[in-house]
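A.B. asks: Quick one, structure for this:
(one chain, ligands or ions: 1)
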Amino acid sequence: MAPAENLKKRKIAVLGSRSVGKSSLVIQFSENRFVSEYYPTIEATFTKSVKYKGTEFDCEVIDTAGQDEFSILNSKHAIGIHGYVLVYSVTSKASFDMIQIVYDKIIGFCGVTDIPCVVVGSKVDLESSRQVTPQEGQKLAQELNAAWVETSAKTNLNVGKVFEHCLAEIEKRAPNTGEPPVQNRCVIM
Ligand SMILES: Nc1nc2c(ncn2[C@@H]2O[C@H](COP(=O)(O)OP(=O)(O)OP(=O)(O)O)[C@@H](O)[C@H]2O)c(=O)[nH]1
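C.D. replies: Reported below is the predicted structural model:
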């Protein structure tokens, strides 16, 4: 059982290819502003409370450096994490293909078959540059047993929904326990 003060704390990691808009999404969510410049992220953590089904959850959101097929999953992004936000840009097919790769890395690292996650198609305001259809996004999310949503951090479209979906996926699997559903099978002693 988690201590009482942890019951409403949820740790969420945001992953995906470089430059897909992970930081912009998190900053729009936590500070209600859009950053138009590109500053590559090393790692940053933001907190914000989110109301889900009448309960306020303290969400700690970890914005990670972009991943590629060669990057090794940081253990900080797997241990103690309650849920995942996996971001691709609708303007980049390569970033969409990276979602399955990142998902498989998490699953492999944690030694589980299912994780609470939401697949996010970002930058929908750039409709004329779209390379990934909503149908493709939905289909992948279904295959991963994940929620799916398209967003724009620029126009603040569906940004809050991302984190509501993530909480829904977390609570669906471990309602009100405060325990991270993802557990590593190895214990370092
Ligand atoms: N038009 C548009 N541009 C966006 C949107 N979200 C992010 N961008 C732009 O895309 C670029 C990259 O955004 P970031 O949020 O820094 O991307 P990131 O995924 O955090 O990048 P890394 O830290 O390298 O992994 C920036 O120039 C943003 O302004 C969006 O919704 N619409």
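A.B. asks: Return the backbone torsion pair for residue 129.
C.D. replies: Residue 129 adopts backbone torsions of phi -100, psi 10, taken as degrees, to the nearest 10.
A.B. asks: On the three-state scheme, the nearest residue to it once chain neighbours are set aside is what?
C.D. replies: Sequence neighbours aside, residue 91 is the residue nearest to residue 129 in space, at 4.3 Å (criterion: Cβ to Cβ, 6 or more residues apart in numbering). For every residue, glycine as well, the C-beta is placed using N, CA and C. For residue 91, the secondary-structure state derived from DSSP: H, G, I helix; E, B strand; the rest coil is coil.
A.B. asks: Report the contact partners of residue 91.
C.D. replies: The neighbours of residue 91, taking Cβ atoms under 8 Å, 6 or more residues apart in numbering as the test, are 123, 126, 129, 130, 131, 132.
A.B. asks: helix or strand right after the helix or strand bottoming out on mean pLDDT in the chain?
C.D. replies: Between all helices and strands in the chain, the lowest mean by mean pLDDT, DSSP states H and E belongs to strand 43-52, at a mean of 90. Along the chain past strand 43-52, the next helix or strand (assigned with DSSP states H and E) turns out to be strand 55-64.
A.B. asks: got the angle between that next one and strand 43-52?
C.D. replies: In this structure, strand 55-64 runs at an angle of 160 degrees to strand 43-52, with axes from the mean of the first three to the mean of the last three Cα atoms, to 10 degrees as the basis.
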